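Student: Okay, sequence plus prediction incoming.
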Amino acid sequence: MSATLWCVVPAAGRGTRMGADCPKQYLPLAGRPLIAHTLERLAAHPRIAGLVVVLGAKDEHWPGITTLRGKPVRTAIGGAERSDSVLAGLHALPSGVDDADFVLVHDAARPCVRATDIVRLIERAAQADGGLLGAPLRDTLKRADEGGCSLATEPREQRWRAFTPQMFRRGELTAALRAVALDGRPVSDEAMAMELAGFRPLLVEGAEDNIKVTTAADLALAEFLLARTA
Ligand SMILES: Nc1ccn([C@@H]2O[C@H](COP(=O)(O)OP(=O)(O)OP(=O)(O)O)[C@@H](O)[C@H]2O)c(=O)n1
Ligand SMILES: C[C@](O)(CO)[C@H](O)COP(=O)(O)O
């Protein structure tokens, strides 16, 4: 396996759940746009060769960088769904990234990812069909009715929360995402597309502070977490 991998960074979302006046990946966080923290962490990682950042079609915030920490930064234009954006990012990888090469996919909205978790994912998922960072559910899980009342308690055994990065071979992931796009089947992460294609991605436990910034409350938590690992 190559010593370094390229990373596709889906950053074409609108951040509707955040309810801000700009896409959440450009909101200020500890004095810089949220996306800057994520890209900095990825570009600084010794196992990452370069980045493909997937932008919204009318993204007026992107600063137009082409290198970061001496690593190449390419861009692509995303689509309506996150999976469309990831597929666009895979197409924008350099020709030197073969179909058999592993690539990483990491949400722009996850700025707190730990370098050690990325290493563990790369080392372990390369021994499998690829894999993803995640954490076993540790809280009781409830199924709610429309009124917000608890209907039942769901089993939490063998239930994990999926994070990113997720890591798969370029060719296999591209084919899996193309297949679900053709079927019009929504997938919420790369691993779901790979599962549907018959693969069994390895779940690699990572730190639960690898949060996805989705609502305003997450911004304050992300700021606290970034300060801890500054
Ligand atoms: N069509 C899309 C949708 C999402 N994303 C990216 O995928 C990551 C995770 O998605 P999410 O947290 O859902 O971001 P948004 O789609 O922007 O949020 P919302 O669902 O609240 O609009 C984010 O970095 C987002 O920018 C993307 O590249 N293309
Ligand atoms: C990919 C992901 O971050 C794994 O938890 C998640 O599925 C993204 O979902 P979203 O609804 O696009 O935020």
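Tutor: Looks like it came in fine. Numbers count the residues shown, from 1 in each chain. Ligands and ions are numbered 1, 2, ... in the order given.
Student: Run the chain-centre distance for whichever strand in the chain runs longest.
Tutor: Ordering each strand of the chain by length in residues (DSSP state E) puts strand 160-169 first. Distance of strand 160-169 from its chain centroid, counting by CA atoms, centre = their mean, to the nearest Å, is 7 Å.
Student: Next: stretch 111-125.
Tutor: On CA atoms, centre = their mean, the centre of stretch 111-125 falls 12 Å from that of its chain.
Student: which residues make contact with that stretch from outside it?
Tutor: Residues outside stretch 111-125 that contact it (CB atoms under 8 Å, 6 or more residues apart in numbering): 5, 29, 34-35, 37-38, 41-42, 44-45, 47-48, 102, 104, 106, 131-133, 163-165, 167, 201-202, 204, 206-207, 209-211, 213, 222, 225-226, 229. C-beta coordinates here come from the backbone N, C-alpha and C atoms, glycine included.
Student: One more pass at 6 Å, please.
Tutor: Contacts to stretch 111-125, defined as CB atoms under 6 Å, 6 or more residues apart in numbering, come from residues 34, 37-38, 41, 45, 47, 131, 133, 165, 167, 202, 204, 206-207, 209-211, 222, 225.
Student: Now do that stretch, average pLDDT.
Tutor: Across stretch 111-125, the average pLDDT comes to 98.
Student: Going forward, count from 21.
Tutor: Sounds good: first residue 21 from here, last item stretch 131-145.
Student: Show me which residues of this structure are close to ligand 2?
Tutor: Within reach of ligand 2 by CB under 6 Å from any ligand atom, the chain has these residues: 102, 127, 182-184, 208-209, 232.
Student: Would you list the phi and psi of the closest residue to Pro92 other than its chain neighbours?
Tutor: Nearest residue to Pro92 in three dimensions, chain neighbours excluded: Gly70, at 4.1 Å (CB to CB, 6 or more residues apart in numbering). Dihedral pair for Gly70: phi -170, psi 170, per degrees, to the nearest 10.
Student: ok, the closest residue in space to Ala217 that isn't next to it in sequence - contacts?
Tutor: Nearest residue to Ala217, sequence neighbours excluded (CB to CB, 6+ apart): Ala196, at 4.0 Å. Applying CB under 6 Å, 6+ apart, we find Ala196 in contact with 213-214, 217.
Student: now those as a markdown table including secondary structure?
Tutor: Output for the contacts of Ala196, formatted as a markdown table (DSSP: H, G, I helix; E, B strand; the rest coil):
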| residue | secondary structure |
| --- | --- |
| Ala213 | helix |
| Met214 | helix |
| Ala217 | coil |
